[in-house]
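Asks: Task: produce atomic coordinates for the following.
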Amino acid sequence: MGQNRLNILVLSTFGGGNANVIRDFLFSFNAYSRHRYAYVFDTQGVDEKIDFSAFDVILVFWSVYLLGEYFSPGTIERIGESDAIKVLFLQDEYRDVRPMNAVMARLGVNLMFTCVAEDQHELFYPKRLIPSLRETHTVLTGYVPSYLERRVPKLNQKRPLDVAYRSRAVPFCLGDLGQEKTVIAQRFAEICSTRGLKQDISVKEHDRIYGKKWVRFLESARTTLGTGSGASAVDFSGDIRRKCEAYLLDNPNAEYGDLRERFFKDIDGRVSIEAVSPRFFEAAALGCGLVMHEGPYSGILEPDRHFIAVKKDYSNIDEVVQKIRDSAWCRNMVENVHCDVIRSGKYSYRSFVQWFDQIIAQHVPESRGKSRISRLSFYTRQYFSAGQTPIPWGNGYFSLPKSLPRILRILRLILDAGTNRTVTLIRASKDPPASTSNAPGSQSALLMKMSRVFVLLRFAIRFPAVRAALWQGTFSPEIRRKAGWSQLLRDLLRASILMELAKGTEEEPAEVEVVAEHEDLYLRLLLIAYPTTKPSCMVTGGQNGRPASSQAQSNTGLRIKDFGERVKAIELDYHAVGSFIHYIDPKGRSYDLALERDGIYRFTALAALAQIAPETVLELILAIQSCSSDLKNCTKDADRHRSSQ
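Replies: Numbering: from 1, shown residues only. So this is what the prediction gives:
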């Protein structure tokens, strides 16, 4: 090829403890492409020191969830404005399709690599919604890594298990196809028990197996189960997921059929995403036969040649069991799939990347005058500024020590923190802030996280309710187990800034007024924020999405005993004010506190804390409302509660 080597920036999330398929897919570009790749493994650390103009291509990898907190609005705009070809790999595309289209349009995505079938590309990624999109290509969720290509299956070794299976139960909102993982596990556990087959089958999270243990597990079994990966209920707007989650909060023991009947029975099966899982490649490479529900499997696997096909009504189960027992038949099947899928090389990462290079060559025929990037310089800067320790090496990586850059950044943060002790808040907005030199992406990810800790500590000094929640949550093993300390910090930081916006001062009037509403005796507590131009004291009792009058509702009805026993979820509905909360710290660094789509945020750590310290969380909620009379009454109630213990 006469094409010059291109400079390609890969934006991803990777910390070393990821699943093998993420590692193998991510580093395959570095291992097999003819181009030069530079990797960023924490997209919150993408700052303006990374010169996008130095790259011909910007590749956003599928481990980055575009609707989450991985990119700041400023970073999205910078990517969209760059001249580089923007490439997006995406998986789990059955959720929030249209919101994802909107982010793709802002990023200016040119080439899309998807798990969606070719005949559905225009449905999922219409060019009228993504004007920059040139081409969409279907790819697999994973390919055959080199270490499996080199592995010779142990066909003659004794395998104590007849059937083995590990998977996980998926959310109900994925439809019938998603539930097949659970169905096949339950049915075959019964079949093996009644037919005398030795099995080890589970879809429980604590039974998951990884790494070398997973290899030994497959090599101990003659066959493994499988179904198609994907969903038969595609949630284009995200409404199905939200309705199912809300219903399960109130009805935690609800079954799949109930939710399907209520929320997506007319949608299930109309549009599906179904692909072959890379775990099938692992089984084939390790000499483990496949027993699977009937399905297309991306046109790669053929029934009776590559796998034992199980009808979804299980009407052919006698034939299936007979084939599982037939060692000669299974061995012939294993040899077929190993020859066609593994040894052929058609589905290797090497073949995939060579094809990918051809696609890129059609859109970037030659480098646009950029000089060769220095990966040594790039990774050195990422190491010291962003704490990025993995360094790509072939189809893998090695890690640098974490301690040195972390110590230097913490020292710098401590020095910066002593210069000023005030926090300047600016009005939240539905539109992202313009990209500036002090935008959220202008700091390393760890420095931003540490900065937020210092900001939260300042809020804790000012607000007793925040201080109490931080103290009790930090030293609670239950919070560490259910939510984690990082989630507690995220919850309290958003609660603190929300409190500040609702509080206001003589110079700066309150920007929001907050109403606390509950459903079904606090199974779900919803904080609703409304924009305002003047300070306001709000209490519970709002109806039909409207604030209640403080005179009409002087009693919140939030009793500590009921609150602690019944609350299951605490959420913030901020969509009337904005889709994120933006503020500036004393050094002029700006932060965007992301909410979910349409301005929803779930206080998962506070909901867990409410179970063990209800008076603390209740005081915080009332403080957010800035309702002094109810706060005073609640404080007295909390004091009486504590004194009685």
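Asks: how deep is the residue lying closest to residue 221 once chain neighbours are set aside tucked in, by neighbour count?
Replies: Spatially, and ignoring its direct neighbours in sequence, residue 221 is nearest to residue 164 (3.4 Å; Cβ to Cβ, 6 or more residues apart in numbering). Where C-beta positions appear, they are placed from N, C-alpha and C, glycine not excepted. Applying other Cβ atoms under 10 Å, we find 24 residues neighbouring residue 164.
Asks: Surely residue 164 is within a helix?
Replies: No. Going by DSSP: H, G, I helix; E, B strand; the rest coil, the assignment for residue 164 is strand, not a helix.
Asks: now it: how far from residue 171?
Replies: To residue 171, residue 164 is 25 Å away according to Cβ to Cβ, to the nearest Å.
Asks: Tell me what residue 165 is bridged to.
Replies: Here residue 165 sits in beta bridges with residue 201, going by DSSP bridges.
Asks: Was I right to think it contacts residue 201?
Replies: Yes. Using Cβ atoms under 8 Å, residue 165 makes contact with residue 201 at a distance of 4.4 Å.
Asks: okay, and the common contacts of these two?
Replies: Counting by Cβ atoms under 8 Å, 6 or more residues apart in numbering, the contacts common to residue 165 and residue 201 are 185, 188, 225.
Asks: Confirm for me that the last one is in contact with residue 182.
Replies: Just to be clear, that refers to residue 225. No. At 11.3 Å, residue 225 does not count as touching residue 182 under the criterion of Cβ under 8 Å.
Asks: Look at these two and report which has more neighbours.
Replies: Neighbours around residue 225 and residue 182, counted as other Cβ under 10 Å, are more numerous at residue 225. The numbers are 24 against 16.
Asks: Skipping adjacent residues, who's closest to the more buried one in space?
Replies: residue 165 (4.1 Å).
Asks: count of neighbours near that neighbour?
Replies: Here the number of neighbours of residue 165 (other Cβ under 10 Å) works out to 23.
Asks: just residue 20 next, same as before
Replies: 18.
Asks: Would you check how far apart it and residue 30 are?
Replies: For residue 20 relative to residue 30 (Cβ to Cβ), the value is 16 Å.
Asks: try residue 594
Replies: 30 Å.
Asks: Likewise for residue 576?
Replies: Per Cβ to Cβ, residue 576 is found 46 Å from residue 30.
Asks: the more surrounded of these two?
Replies: A side-by-side neighbour count of residue 576 and residue 30, using other Cβ under 10 Å, places residue 30 first with 22 against 14.
Asks: who touches the more buried one in this structure?
Replies: Contacts for residue 30 (Cβ under 8 Å, 6+ apart) come out as 37, 39, 392, 394, 395.
Asks: That one: helix or strand, and which one exactly?
Replies: When elements are assigned from DSSP states H and E, residue 30 belongs to helix 20-32.
Asks: Next, the buried residues of that helix.
Replies: Residues of helix 20-32 classed as buried: 20-32 (neighbour count, 16 or more other Cβ atoms under 10 Å).
Asks: Tell me which helix or strand comes right after it.
Replies: The helix or strand immediately downstream of helix 20-32 is strand 36-40, counting by DSSP H and E.
Asks: what's the offset of that next one from the middle of its chain?
Replies: Relative to its chain's centre, strand 36-40 lies at 22 Å (Cα atoms, centre = their mean, to the nearest Å).
Asks: List the contacts of the next helix or strand after it.
Replies: Reading on from strand 36-40 to the C-terminus, the next helix or strand found by DSSP H and E is strand 57-60. With Cβ under 8 Å, 6+ apart as the test, strand 57-60 has contacts from 6-12, 29, 35, 52, 66, 79, 82, 84-89, 107, 109, 360, 364.
Asks: mind checking how far whatever helix or strand comes next after strand 57-60 is from the chain centre?
Replies: Once strand 57-60 ends, the next helix or strand along the chain (criterion: DSSP H and E) is helix 73-81. The chain centroid and the centroid of helix 73-81 are separated by 20 Å, computed with Cα atoms, centre = their mean.
Asks: again, but for stretch 154-172
Replies: Counting by Cα atoms, centre = their mean, stretch 154-172 comes out at 27 Å from the chain centroid.
Asks: what's the span of it from first residue to last?
Replies: In stretch 154-172, first residue to last residue: 38 Å (Cα to Cα, to the nearest Å).
Asks: ok, now stretch 213-230?
Replies: Stretch 213-230 has its terminal residues 26 Å apart, counting by Cα to Cα.
Asks: can you pull the contacts of residue 596?
Replies: Contacts of residue 596 by Cβ under 8 Å, 6+ apart are 67, 602.
Asks: wait, I meant residue 372
Replies: Per Cβ under 8 Å, 6+ apart, neighbours of residue 372: 5, 7, 36.
Asks: what about it, which SS state?
Replies: Assignment for residue 372 (three-state DSSP): coil.
Asks: How about residue 13?
Replies: Once three-state DSSP is applied, residue 13 turns out coil.
Asks: Contact partners for it?
Replies: Residue 13 is in contact with 41, 42, 43, 61, 63, 64, 70, counting by Cβ under 8 Å, 6+ apart.
Asks: For those residues, pick the one with the most neighbours.
Replies: Busiest of the contacts of residue 13 [other Cβ under 10 Å] is residue 41, holding 26 neighbours.
Asks: per-residue confidence at it?
Replies: Residue 41 is assigned 91 on the pLDDT scale.
Asks: State the distance from it to residue 382.
Replies: Noted for residue 41: a distance of 8 Å to residue 382, by Cβ to Cβ.
Asks: Residues in contact with both of the two, list them for me.
Replies: Common neighbours of residue 41 and residue 382 (Cβ under 8 Å, 6+ apart) are residue 388.
Asks: okay, now the domains of this structure?
Replies: According to automatic domain parsing, the chain comprises the domains 7-143+348-399, 148-343, 409-424+457-574+601-643.
Asks: looking at the ones you listed, which has the lowest confidence?
Replies: Looking at those, the bottom one is domain 409-424+457-574+601-643 with a mean of 65.
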